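Engineer: coords below, sequence missing:
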């Protein structure tokens with residue numbers, strides 16, 4: 001590669017310094033991946049350029065939620081509901097609960113009460129407690145629809161009290177920051193519909209970001225909230241982590257590879273691959289090559305076709321992540337529940353590949369086809385788990 005110095009110069013302009021070292025290490029591999037038409041070079045990063053709007057989005061771990069100021073606009077909720085959300089976050093801040101807990105608490109209250117402080121038909125009229133509607137359960141009250149064992153009527157109708165009680169029980173759940181939101185919320189609430197919490201996780205993270213200085217992008221490291229550092233065993237408050245620390249060496253649907261529905265991350269053979277978020281395994285198998293053969297237990301080559309050994313995981317909000325070119329059979333099986341950061345396999349070069357790396361895809365709306373694919377770089381950046389972040 002006589003042109004390597006020029007390539008390296010272009011990479012320096014396009015990648016963060018932390019990503020460069022890893023990317024240059026694999027430059028000579030001339031990787032090739034699913035949807036490509038031959039080996040690619042580091043100049044074909046295309047989709048890795050950061051969206052200016054994302055670059056301008058600040059993440060301030062020290063930001064204190066404002067209970068009295070103007071509320072952000074969300075089509076799903078009005079001002080009163082967002083003020084209740086702000087109360088939930090403030091209580092979490094006062095209790096020094098990591099921001100992941102705020103997301104879990106918000107998603108729970110969104111399911112239980114739609115962020116409304118609900119009364120019920122058993123509340124004596126003489127109490128004249130302020131409320132925002134009447135709930136369906138005969139003895140459940142407030143934002144979290146807590147029953148009599150949680151406190152008096154007056155207490156359960158006080159948003160700050162109910163939020164504190166939720167957090168006190170939540171932090172006792174073992175490994176609560178890594179476990180699926182539905183599991184943690186259910187351990188606290190003991191709901192008849194435990195899976196219902198999942199659909200609120202994505203919006204809960206966006207509300208936390210809007211009200212608390214991008215806090216859903218933070219991760220707790222040595223007791224301190226740090227922005228955009230989620231990788232490996234570290235999980236952002238959004239519930240996401242980078243699948244591995246390698247830099248991006250080929251982007252999403254570049255000019256040279258328009259059918260490249262993901263990004264390629266630098267990785268040597270047998271690098272642990274982590275589930276990007278908690279979810280359920282949809283697929284874990286050997287992808288047939290162009291001839292229809294399932295031949296994944298050896299290195300692949302350009303134009304072989306197929307993902308090699310690969311895994312698809314369904315996450316909250318209908319998102320699907322895909323992990324291709326594993327060196328051996330994945331460590332997970334279809335139907336298995338996985339935690340964020342769990343090792344699901346090891347990187348390799350099986351399938352349509354000419355060098356070890358991880359091909360990583362994100363799909364929305366539960367659509368595993370190319371129609372549902374979106375650029376993983378801005379997707380992961382918004383969730384505090386930017387691809388290529390060094391450990």
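Structural biologist: Cool, the structure landed. Because the structure is predicted, anything quoted here is derived from the model rather than measured. Numbers count the residues shown, from 1 in each chain.
Engineer: thinking residue 210 is in contact with residue 72, fair?
Structural biologist: Yes. Shown here, residue 210 and residue 72 form a contact pair, counting by CB atoms under 8 Å, at 4.2 Å. From N, CA and C alone the C-beta is placed, and that goes for glycine too.
Engineer: neighbour-wise, which of these two wins?
Structural biologist: Each of residue 210 and residue 72 had its neighbours counted (other CB atoms under 10 Å), and the higher figure belongs to residue 210 (18 against 14).
Engineer: Tell me which other helices or strands the helix or strand harbouring that one touches.
Structural biologist: Here residue 210, judged by DSSP states H and E, is contained in helix 201-211. In terms of contacts (3 or more CB pairs under 8 Å, 6 or more residues apart in numbering; DSSP states H and E), helix 201-211 is packed against helix 79-94, helix 99-113.
Engineer: what pLDDT, on average, does it get?
Structural biologist: The average pLDDT for helix 201-211 rounds to 97.
Engineer: So which bits of the very next helix or strand once past that helix are buried?
Structural biologist: Stepping forward along the backbone from helix 201-211, the first helix or strand reached (DSSP H and E) is strand 218-221. Of the residues in strand 218-221, those scored as buried under the neighbour-count criterion (16 or more other CB atoms under 10 Å) are 218, 219, 220.
Engineer: And the protein, what are its domain boundaries?
Structural biologist: Structural domains annotated on the chain: 4-49+244-382, 79-212, as defined by automatic domain parsing.
Engineer: re earlier: just name the most buried of the helices and strands packed on helix 201-211.
Structural biologist: Using mean count of other CB atoms under 10 Å, the stretch among the helices and strands packed on helix 201-211 with the largest mean neighbour count is helix 99-113, at a mean of 27.
Engineer: what's that one packed up against?
Structural biologist: On the basis of 3+ CB pairs under 8 Å, 6+ apart, helix 99-113 makes packing contacts with helix 79-94, helix 159-170, helix 181-189, helix 201-211.
Engineer: Not counting its neighbours along the chain, what's nearest residue 170?
Structural biologist: Nearest-residue entry for residue 170: residue 188, 5.2 Å, with adjacent residues in sequence omitted and distances by CB to CB, 6 or more residues apart in numbering.
Engineer: what's the span of stretch 349-357 from first residue to last?
Structural biologist: In stretch 349-357, first residue to last residue: 7 Å (CA to CA, to the nearest Å).
Engineer: Tell me how far stretch 177-194 lies from the chain's centre.
Structural biologist: In terms of CA atoms, centre = their mean, to the nearest Å, the gap separating the centre of stretch 177-194 from the centre of its chain is 17 Å.
Engineer: which parts of that stretch are buried?
Structural biologist: By neighbour count with 16+ other CB under 10 Å, stretch 177-194 contains the buried residues 177-189, 191.
Engineer: Just list the residues touching residue 341, thanks.
Structural biologist: When contacts are counted by CB atoms under 8 Å, 6 or more residues apart in numbering, residue 341 touches 178, 232, 233, 234, 235, 241, 274, 275.
Engineer: same thing but at 6 Å, please
Structural biologist: The neighbours of residue 341, taking CB atoms under 6 Å, 6 or more residues apart in numbering as the test, are 178, 233, 235, 241, 274.
Engineer: same check, this time on residue 200
Structural biologist: By CB under 6 Å, 6+ apart, the contact set of residue 200 is 107, 110, 111.
Engineer: For residue 345, give me phi and psi.
Structural biologist: Phi and psi for residue 345, reported as degrees, to the nearest 10, are phi 170, psi -180.
Engineer: In the contacts of residue 341, find the pair that's most separated.
Structural biologist: With distance counted by CB to CB, no two of the contacts of residue 341 lie farther apart than 178 and 274, which are 10.7 Å apart.
Engineer: Ok, which of the helices and strands packed on helix 201-211 comes nearest residue 311?
Structural biologist: Taking CB to CB as the criterion, residue 311 comes closest to helix 99-113 out of these, the separation being 23.9 Å.
Engineer: Can you tell me what sits against that closest one?
Structural biologist: Residues external to helix 99-113 that are found in contact with it (CB under 6 Å, 6+ apart): 85, 88-89, 92, 115, 143-145, 166, 177, 181, 184-185, 196-197, 200-201, 204-205, 207-208, 215-216, 218, 237.
Engineer: So for it, mean pLDDT?
Structural biologist: Here helix 99-113 scores 97 as its mean pLDDT.
Engineer: Without its sequence neighbours, what residue ends up closest to the most centrally placed residue in the chain?
Structural biologist: Against the mean C-alpha coordinate of the chain, by CA atoms, centre = their mean, the closest residue is residue 240 at 2.9 Å. When the adjacent residues along the chain are set aside, residue 240 lies closest to residue 383, with 4.0 Å between them (CB to CB, 6+ apart).
Engineer: need the contacts of residue 200 in CSV with distance to residue 155, can you?
Structural biologist: Below are those laid out as CSV (distance: CB to CB, whole Å):
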residue, distance to residue 155
107, 22
110, 21
111, 21
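Engineer: what pLDDT does residue 219 get?
Structural biologist: So residue 219 comes in at 95 (pLDDT).
Engineer: Residues in a beta bridge with it, which ones?
Structural biologist: Under the criterion DSSP bridges, residue 219 forms beta bridges with residue 226.
Engineer: Go ahead and confirm it touches residue 232.
Structural biologist: No. Counting by CB atoms under 6 Å, no contact exists between residue 219 and residue 232, whose distance comes to 10.6 Å.
Engineer: ok, of the buried residues of stretch 177-194, which one's closest to residue 328?
Structural biologist: The shortest approach to residue 328 among these belongs to residue 178, at 24.7 Å (CB to CB).
Engineer: Great, nothing more from me.
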